[in-house]
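> sharing a sequence plus its predicted fold:
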Amino acid sequence: MQPFTELTAVAVPLALANVNTDMILPARFLRKPRDERYGSYLFHDLRHDEQGRLRDSFVLNEAVYRDAKIIVAGANFGCGSSREGAVYTLMDHGFRCIVAPSFGDIFFGNCLQNGVLPVVLPEAECAALLAWLEANPGATLTADLVAQTVSTPDGKARGFTLDATRRERMLKGLDEIGLTLTRLPAIEAFEQRYAQARPWLAR
């Protein structure tokens, strides 16, 4: 996966709580291949009306957020089913960071497994960011995983924490297999010693 160190990008204010994975990626799209269209399924039923037309009222359809890479949302983002495709469609649409007061546990893990940074900030801090973004459409935020801060352009930084092991993996772009392969020389040395000590098992 792509390493995540620091990202400065346009941030979308999504002032909704309990955004579930079916809202992020409706179930009927789960059988679709992950090709160049996958990002277009993001929030499909919120972004489109019953006739398939884009809703002017949905924030992601505003032109100013076309190149956004950060979402600031309400509590319990990514709740519901465990579908990993919800993270795929966010990534393929271009998002690399989600800021919210809380996340669905499985969704949180899927984000970290795929290179999307989930940032937990206190509810009051998220509310303040949402209000600021709504008042300043197209404004940028900086998510810095090295410093563990989210900053506005005026330099105001809000700190967050992430488990040290998960943070290290994100910084280096390592999923679980990649992390295991960093220990390949030690694994191969063990296998050689083991085969020499128990040759009857290595046949």
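All right, it came through fine.

> adjacent strands (with direction) for the longest strand belonging to the chain?
Ordering each strand of the chain by length in residues (DSSP state E) puts strand 6-14 first. Applying DSSP bridges, strand 6-14 is found paired with strand 70-73 (parallel), strand 140-144 (antiparallel).

> would you mind finding the most buried of these?
Stretch with highest mean neighbour count among the strands paired with strand 6-14: strand 70-73 (a mean of 24; mean count of other CB atoms under 10 Å). For every residue, glycine as well, the C-beta is placed using N, CA and C.

> tabulate the CA atom coordinates of the helix or strand following that one in CSV.
Heading C-terminal from strand 70-73, the first helix or strand you meet, by DSSP states H and E, is helix 85-93. Extracted in CSV, the C-alpha atoms of helix 85-93 (Å, rounded to 0.1, in the frame of the first residue of the first chain):
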residue,chain,number,x,y,z
GLY,A,85,-15.0,-2.3,-0.6
ALA,A,86,-16.2,0.8,1.3
VAL,A,87,-12.5,1.7,1.8
TYR,A,88,-11.6,0.7,-1.8
THR,A,89,-14.2,3.1,-3.2
LEU,A,90,-13.0,6.0,-0.9
MET,A,91,-9.4,5.4,-2.1
ASP,A,92,-10.3,5.0,-5.7
HIS,A,93,-12.3,8.3,-5.5
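
> give me the contacts around helix 85-93.
21, 24-25, 29-30, 34, 38-42, 71, 78, 98, 107, 110-111, 113-116 (CB atoms under 8 Å, 6 or more residues apart in numbering).
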